[in-house]
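A.B. asks: The sequence and its predicted three-dimensional model are supplied below.
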Amino acid sequence: MPVATLGRLVIMDDSAVVLEGVTRSYGGGATEVVALHQVSVGFARGGFTAVMGPSGSGKSTLLRVAIARALLARPEVLFADEPTGALDRGTGRGVLTLLREAVDEFGQTVVMVTHDPEAAAQADTALFLTDGRIVDVLDGPSVEQIGIRLGGRR
């Protein structure tokens, strides 16, 4: 189970990802928005945690920070199932950037399932399945190529 505290962090022996005193803000001066303020949380290895809150509460920022922290461990293979599906456009781009950097900078392997042509265009290769069979492979796919392959959907 995750351990979250107000003000101090309790690290569990089985924490897979630990964030300690994380503060993230955007903008500056009078327009500065604090997305996370001294957030400390540990997510248990093998656990399943739902992060909830109203729009603007910092959920997506917390997710990006947790992903970045998990990537620091440099797992050889990352599997991502619709990693941008429920995220706003900016947060989704941030997640895709982290995944792309994992490949480009650290040599990790990323396998991503997505319906989003823009997300798929970040990949080196797009693999298409229909009725349980591989029906096409595009190397270096563009959004346009993927859209055409999907029958004009974007």
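C.D. replies: Yep, it's here.
A.B. asks: Please name the bridge partners of Val137.
C.D. replies: Leu127 (DSSP bridges).
A.B. asks: wait, it sits on Phe128?
C.D. replies: Yes. Val137 lies in contact with Phe128 (Cβ atoms under 8 Å); the separation is 7.1 Å. Yep, even glycine has a C-beta here, placed from its N, CA and C like the rest.
A.B. asks: more crowded one of the two?
C.D. replies: Neighbours per residue (other Cβ atoms under 10 Å) separate Val137 from Phe128, with Phe128 holding more: 15 against 11.
A.B. asks: Against Pro83, how distant is the more buried one?
C.D. replies: Counting by Cβ to Cβ, to the nearest Å, the separation of Phe128 from Pro83 is 18 Å.
A.B. asks: Kindly report the same for Val51.
C.D. replies: 14 Å.
A.B. asks: who has more neighbours, these two?
C.D. replies: Taking other Cβ under 10 Å, Val51 and Pro83 do not tie; Pro83 has more neighbours (22 against 15).
A.B. asks: And the helices in this structure, which stretches?
C.D. replies: 59-72, 89-106, 117-120, 143-149 (DSSP state H).
A.B. asks: Point out the one among the ones you listed that comes closest to Val34.
C.D. replies: helix 59-72 (9.7 Å; Cβ to Cβ).
A.B. asks: residues in contact with the closest one?
C.D. replies: With Cβ atoms under 8 Å, 6 or more residues apart in numbering as the test, helix 59-72 has contacts from 16-19, 22, 24, 35-36, 39, 41, 43, 51-53, 78, 87-88, 91, 94-95, 98, 101-102, 106, 108.
A.B. asks: Which of those are buried, as a PyMOL select command?
C.D. replies: The buried residues among those can be selected in PyMOL (16 or more other Cβ atoms under 10 Å) with this line:
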select buried, resi 17+18+19+22+35+36+39+41+43+78+87+91+94+95+98+102+108
